[in-house]
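Asker: structure for this input, please:
(chains A and B)
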Protein chains: 2
Amino acid sequence: MKFLAKLKNITQSNNSLLCLGLDPDLSKIPEHLQSRDDRVAIFNREIVDATHDLVCAYKIQVAFYSAFGKESELAQTINYIRESYPEVPILLDAKRNDIGNTATFYAKEAFERYKVDAVTVNPYMGFDSLQPFLEYKDNGVMILCRTSNPGARDLQDLKVDGKPLYLYVAEKVVGEWNIYGNALPIIGATYPKEIAEIRAIAGDTTFLVPGIGAQGGDIEATVRSGIDSQGTGLMINSSRAILYAGRNKDYATAARKAAEQTREQINLFRSVSVNN
Amino acid sequence: MKFLAKLKNITQSNNSLLCLGLDPDLSKIPEHLQSRDDRVAIFNREIVDATHDLVCAYKIQVAFYSAFGKESELAQTINYIRESYPEVPILLDAKRNDIGNTATFYAKEAFERYKVDAVTVNPYMGFDSLQPFLEYKDNGVMILCRTSNPGARDLQDLKVDGKPLYLYVAEKVVGEWNIYGNALPIIGATYPKEIAEIRAIAGDTTFLVPGIGAQGGDIEATVRSGIDSQGTGLMINSSRAILYAGRNKDYATAARKAAEQTREQINLFRSVSVNN
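Answerer: Residues are numbered from 1 along each chain as shown, chains lettered A, B, ... in the order given. Below you'll find the predicted structure:
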């Protein structure tokens, strides 16, 4: 099924805009799993089993796997989600990019090797570097506009044509570059004013919004700034605050509880925002 | 040994500014190797054996490996170069980046997992996303300023503070962001005017310059625009034009010949430019 259709279905059936980031920091995985070679895959599987009916997507951060040569556990995790919960879209958070010829191989990595539904990419190299990803028309291509870190200011806030670079990029992402309808902006939850600015030009396009939870983004401000006219249009990502809600044997139960609370908090402001 | 010292030594001893890109496109590897599982590693080994005394570095493009799950052949290639020709620096062309916490894991991937001398990174997310790489003070961090593709124009040419974004980024790379002296700009050979502009602000900093050969960058213009006051300061990358100079059993000999010619062409303009 096409990514956007899958996302729409799960958003309704799970009544959720919560995207859960599977970023398994080895140092934070519970003690009782530490001695196992496949601890990352087990940790992920238990988290997924405990949360699949509460989320609108899983976002998997490649760096946490590739730093340790754990591509096989990355693939195992993706395969497990795809086979057990095929209704939940999987985003590969790779922030890849390169010039056309090479970008083709990064697009293959995401969509053919790992067979994920969507991938995150970096726009600095321009449209021809994004096109090989966009050509996978059934998949989502989530393009960095305004990131959630303090250094986002360094380049993304610079004024071009009288507007900040992140807004210029966002206009391209929802306009000229969106040749197949599968380009989506990424905007950090730590900048709600910027989310609102981009919503104003983006219609009902879905945004990936990382940065709530450990990074400090505010749920109310995020939802109020970013919600679309249908009460959807956001995939709000939390990783560490949910994954490591519990650090002992009950970690999956604790993660479920944290995911449930986060989904409810989002939904609270979601209905308020649409009704107002 | 520190990356910059290693680079200086090899540039002198091999009398070369040629960086050879090991981008093994499976469809272009000679017929007689195609049936072997380890064809990429063999191809690379023979290319390296045939060229190690002609280059100033090898640049390895991760996407060509990760698209096919060939991380082990990537590691084999890196290990082979490091063990057989420890004097030749290895650059991982990864164009990675992410916010601080995650960038730390990408830096680990490059410098601890693969143990390369330098890595390429993308500046869109700002200084705090580069810092985890820069903290590996003995290693090189090569930062995209002006890329060699046509789409480079889309964002990198936008005017900020009255100057193009690529120049703004280059000023940061050789100035404020260069806290440990290991930050180096990347500028495509297809834009010699831009190379000259950046040289004018960069002193004798070394640039990575991809884009000669198959991408059409002109060697004379590249060298004249980019050479520093010592007749060095450039790592000029060619990949396909050398790797696939021969497509039969003699491919390594053909690659050696192409590498030799490219090195000589670079050196021709290099001496002319320094003498003038």
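Asker: could you pull out the helices in the stretch 151-276 of chain A for me?
Answerer: With DSSP state H, counting those that start in this stretch as the criterion, the stretch 151-276 of chain A has helices at A:152-156, A:165-174, A:192-202, A:219-226, A:240-243, A:251-275.
Asker: tell me what the last one is packed against?
Answerer: What that stands for is helix A:251-275. With contacts taken as 3 or more C-beta pairs under 8 Å, 6 or more residues apart in numbering or on different chains; DSSP states H and E, helix A:251-275 sits against strand A:18-22, helix A:39-51, helix A:219-226, helix A:240-243. (Glycine included, C-beta is placed from N, CA and C.)
Asker: tell me which of these sits most buried.
Answerer: Mean neighbour count (mean count of other C-beta atoms under 10 Å in any protein chain shown) peaks for strand A:18-22 among those, with a mean of 26.
Asker: now that strand, how far from the centre of its chain.
Answerer: Distance, stretch centre to chain centre, for strand A:18-22: 7 Å (C-alpha atoms, centre = their mean, to the nearest Å).
Asker: and for stretch A:99-112?
Answerer: Relative to the mean C-alpha coordinate of its chain, stretch A:99-112 is positioned 19 Å out (C-alpha atoms, centre = their mean).
Asker: follow-up on the earlier one: out of the helices and strands packed on helix A:251-275, nearest to B:Ile198?
Answerer: Go through the helices and strands packed on helix A:251-275 one by one with C-beta to C-beta and the one that ends up closest to B:Ile198 is strand A:18-22, at 37.0 Å.
Asker: list the contacts of A:Asp250.
Answerer: The contact partners of A:Asp250, by C-beta atoms under 8 Å, 6 or more residues apart in numbering or on different chains, come to none.
Asker: ok, now how distant is it from chain B?
Answerer: 25 Å (C-beta to the nearest C-beta, to the nearest Å).
Asker: quick check: A:Ala118 touching A:Pro89?
Answerer: Yes. A:Ala118 is within contact range of A:Pro89, at 6.5 Å (criterion: C-beta atoms under 8 Å).
Asker: can you get me a residue count around A:Pro24?
Answerer: Look at A:Pro24: counted by other C-beta atoms under 10 Å in any protein chain shown, it has 28 neighbours.
Asker: tell me the residues of the stretch 1-150 of chain A that contact chain B?
Answerer: Neighbours of chain B within the stretch 1-150 of chain A, by C-beta under 8 Å from any C-beta of the partner chain: A:23, A:61, A:63-64, A:66-69, A:71, A:75, A:95-100, A:102-103, A:105-106, A:108-109, A:112-113, A:122-130, A:144, A:147-150.
Asker: those residues in strands, which ones?
Answerer: In strands, defined here by DSSP state E, the members of the residues of the stretch 1-150 of chain A next to chain B are A:61, A:95-96, A:144.
Asker: related to what we said a few turns ago, the residues of the stretch 1-150 of chain A next to chain B in helices, which ones?
Answerer: Judged by DSSP state H, those include A:63-64, A:66, A:71, A:75, A:100, A:102-103, A:105-106, A:108, A:127-130 as members of helices.
Asker: tell me how far the residue of the stretch 151-276 of chain A found nearest chain B lies from A:Glu194.
Answerer: Taking C-beta to the nearest C-beta, chain B has its nearest neighbour within the stretch 151-276 of chain A at A:Gly151, 2.7 Å off. As judged by C-beta to C-beta, to the nearest Å, A:Gly151 and A:Glu194 stand 15 Å apart.
Asker: just A:Thr205 next, same as before
Answerer: Distance check for A:Thr205 against A:Glu194: by C-beta to C-beta, it reads 15 Å.
Asker: related to what we said a few turns ago, the residue of the stretch 151-276 of chain A closest to chain B - nearest residue in space that isn't next to it in sequence?
Answerer: Excluding the flanking residues, the one nearest A:Gly151 by C-beta to C-beta, 6 or more residues apart in numbering or on different chains is B:Gly126, at 2.7 Å.
Asker: model confidence over stretch A:269-276, on average?
Answerer: For stretch A:269-276, mean pLDDT is 72.
Asker: now do the contacts for A:Lys193.
Answerer: Listed by C-beta under 8 Å, 6+ apart, the contact set of A:Lys193 reads A:Ser225.
Asker: for A:Phe43, that is, sorry about that
Answerer: A:24, A:29-30, A:33, A:251.
Asker: of all those residues, which comes closest to B:Asp37?
Answerer: Among these, A:Pro24 lies closest to B:Asp37 (C-beta to C-beta), at 30.1 Å.
Asker: now the closest one: how far from chain B?
Answerer: Taking C-beta to the nearest C-beta, one finds A:Pro24 at 11 Å from chain B.
Asker: residues contacting that residue?
Answerer: Residues counted as contacts of A:Pro24 (C-beta under 8 Å, 6+ apart) are A:40, A:43-44, A:64, A:243.
Asker: any chance of those in CSV, with distance to A:Thr232 and pLDDT too?
Answerer: What follows is the contacts of A:Pro24, written out as CSV (distance: C-beta to C-beta, whole Å; pLDDT from 0 to 100):
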residue, distance to A:Thr232, pLDDT
A:Val40, 32, 93
A:Phe43, 30, 96
A:Asn44, 26, 97
A:Phe64, 28, 95
A:Leu243, 24, 95
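Asker: from those, pick the one nearest B:Gln12.
Answerer: Proximity of the contacts of A:Pro24 to B:Gln12 (C-beta to C-beta) peaks at A:Phe64, which lies at 40.5 Å.
Asker: for the closest one, grab the count of nearby residues.
Answerer: 26.
Asker: I'd like the ones in strands among the residues of the stretch 1-150 of chain A next to chain B as a markdown table, with neighbour count appended.
Answerer: Output for these, formatted as a markdown table (neighbours: other C-beta atoms under 10 Å in any protein chain shown):
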| residue | neighbour count |
| --- | --- |
| A:Gln61 | 26 |
| A:Lys95 | 29 |
| A:Arg96 | 28 |
| A:Leu144 | 28 |
